[in-house]
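what shape does this take:
(one chain, ligands or ions: 1)
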Amino acid sequence: MCGIVGYIGNRNITTVVMVGLERLEYRGYDSCGIATVNGGIRIRKTAGRLQRLKELLNRDPVTGNVGIGHTRWATHGQVTDENAHPFTDCKRVIALVHNGIIENYRELRKRLVKAGHRFVSSTDTEVIVHLLESHYKRDMATAIRKAAAELKGAYSLAIISAQEPDRLYAVKMGSPLVIGQGRGEFVVASDAPALIGIARRMLFMQDREIAVLTRKGVSITDFTGNKVERAFTRMELKPKAISKGRYPHFMRKEIFEQPGVLKQNIARRFKGRRIVLDPEFLFYPDEIEKLGRIVIQACGTSYHAGLVGRYYFEKFCRIPVSVEISSELRTSEFVYNGRTIMLPISQSGETADTLAALREARVRDIKSLAMLNVRRSSIDREADSTIYIYAGPEIGVASTKAYTAQLFTLLTLALYFARIRKTVPDNRINEIIRHLRKLPEQMKQALNLDRKIKETASRLSFAHDFLFLGRGINYPTALEGALKLKEIAYVHATGYPAGEMKHGPISLVSETVPVIGIALRDPVYEKMVSNLAEAKARNGRIIAIGTEGDKELAELAETVFYVPKAPDYLSPMLVALPLQLLAYHIAVQRGCDVDKPRNLAKSVTVE
Ligand code: AGP
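Alright, predicted model coming up:
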């Protein structure tokens, strides 16, 4: 978590760094700060969001052309001004910002305090700057190398020094860091969106690297001092992709982008009769034929996508699948045979638990195929093979378009495997693809429910508890609907398999607990309707998602959101949309910060 930015060039760093931080705020927004070197180190920092830092800078500006900035997601130490980055050493010569966690900070701090260093915060980060101070003899790169030999954990750093006012240092170990090159200027940041507007070309740093940036160029060495040669590549990311455009929130924009994302993905993956995967997909057909098991592991929304993925692989490929929560899997004593592949799913590719579980798989010699949105992310680099979901940048903390893109990609992969394993005849695969091609239009129709959902949301925003019920392939959809509501509207919601209600949770049903039931005309329809009737008989207020034209459901439910008829295996991609909109409207009506819900961050790089 946390976002860092560094800049060296001729622009005023306040503008550059603040714009960069705004684009990284999705990584954390507990506190923020900026430092520049201009006749000494100048720092402004504060608890709270960037708006507070802006106000501070208006009252008490700093100027300079070399500087660093930070937006924090608190791990060690409360959310206070003192714990906000940047940090300086005792003599205020060095200033740095950090993304990551220093695991051995307690022992380092003890040692440094004993040696006379004065600490002002309770963060793990502050040990880094004092450690650098203890090694710094006018050559920062050497000091960084010596400090790196003592630091344990993850640390991306941007560093400035009053003794080297025309240099910016960047260090990567564990957490992501990218360098952007403009004309006579460079910017470093935790993520590429922060480079837009300055950089024409970019370069992803690798672990154990130190970059020294001047206005004229960059030189990179590794932690042992060896020079590293690596070329910049063209920056593809366009400003439009990271702006809200006409939408009030990124989440709303991203919800409405889904038909377009799916349409592009269909065109990318299905060419005539061919199913096209990425060049990074490195499995031979005979490995797929012999596959004995797939272990999907992921967190949050990506985990829910994995649960749907299980249906696809079991239904179409006849491969046994287990779906694991990464944080649980990584600490379990899991045993799988040699014909297993691990499939980590992650939008960001940076989720610490997913990465750790992937590493556990490597220790056990299990081959991996990652499903990711962000290229060159940590999981991308460590997995044996990758398939991308091509959702485009997802900025709202709540995952929406990445979810449906994950579902589509899981289905694509299942069809690709099915063709190789001959578990589905070709004409059936072609029929599935034909249905898929209709889906973007059907998604647009589902989005037309927006107004009705908004009205319903205003009737439901009183409620403190919700039940989301689904069965079969839409049980994970119920989980996902509940997660969306919890995370952005701060309302308690439980997703449950409808058939399991009678074993306990039905006692929760009352007139104050809305029941959101997914009851499509699919093989579990009758059973689902019975479960909703059971809830209604206990005074439950039923809000249903049903198939267009289903009048029976209207008799049971207070409100029905109708989605177009589609095969059951495609329905999770359709039903997700009204559930996302429901959470969105309830959150807006409750006055919540939809794009930046409290306590959360987009990439969860802590365990
Ligand atoms: C989704 O709305 C959440 N913000 C969260 O559950 C997320 O899906 C989870 O943290 C996993 O992230 P990843 O896909 O980037 O690994």
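
report pLDDT for the closest residue in space to Gly292 that isn't next to it in sequence.
Of all residues not flanking Gly292 in the chain, Arg339 sits nearest, at 3.3 Å (CB to CB, 6 or more residues apart in numbering). Quick note: C-beta positions are derived from backbone N, CA and C, even for glycine. For Arg339, the pLDDT comes out at 92.

mind listing what Arg339 touches?
Counting by CB atoms under 8 Å, 6 or more residues apart in numbering, Arg339 makes contact with 290-293.

and these, which are buried?
Listed as buried from the contacts of Arg339 are 291, 293; burial here means 16 or more other CB atoms under 10 Å.

low pLDDT regions in this structure?
Judged against pLDDT under 70, the chain has no low-scoring part.

looking at it, which residue is nearest the ligand?
Distance from the ligand to each residue of the chain (CB to the nearest ligand atom) is smallest for Gly300, at 1.8 Å.

check contacts around that residue.
Contacts of Gly300 by CB under 8 Å, 6+ apart are 399, 483.

one more: Asn10?
Contacts of Asn10 (CB under 8 Å, 6+ apart): 65, 184-185, 215.

excluding its backbone neighbours, what's nearest Asp365?
Here the residue nearest Asp365, using CB to CB, 6+ apart, is Gly338, at 7.4 Å.

which SS state does the one you found fall under?
coil (DSSP: H, G, I helix; E, B strand; the rest coil).

which strand residues bridge Ser161?
Ile94, Glu164 (DSSP bridges).

that one against Val93, yeah?
Yes: counting by CB atoms under 8 Å, Ser161 does reach Val93; the two are 6.0 Å apart.

joint contacts of the two?
Contacts common to Ser161 and Val93, judged by CB under 8 Å, 6+ apart, are Tyr136.

so which bits of the host helix or strand of Leu168 are buried?
In the assignment (DSSP states H and E), Leu168 maps to strand 164-173. Residues of strand 164-173 classed as buried: 164-165, 167-173 (neighbour count, 16+ other CB under 10 Å).

and the furthest pair within those residues?
Pro165 and Met173 (25.3 Å; CB to CB).

contact residues of the stretch 501-607 of the chain facing the ligand?
603-604 (CB under 6 Å from any ligand atom).

hmm, 8 Å instead?
Within the stretch 501-607 of the chain, the positions near the ligand by CB under 8 Å from any ligand atom are 600, 602-604.

got JSON lines for those, with secondary structure too?
Shown next, in JSON lines, are these (three-state DSSP):
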{"residue": "Leu600", "secondary structure": "coil"}
{"residue": "Lys602", "secondary structure": "coil"}
{"residue": "Ser603", "secondary structure": "coil"}
{"residue": "Val604", "secondary structure": "coil"}
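
highest neighbour count among those?
Ser603 (28 neighbours; other CB atoms under 10 Å).

which residues touch that one?
Contacts of Ser603 (CB under 8 Å, 6+ apart): 1, 27, 348, 350-351.

in helices, which of those appear?
Among the contacts of Ser603, none falls in helices (DSSP state H).
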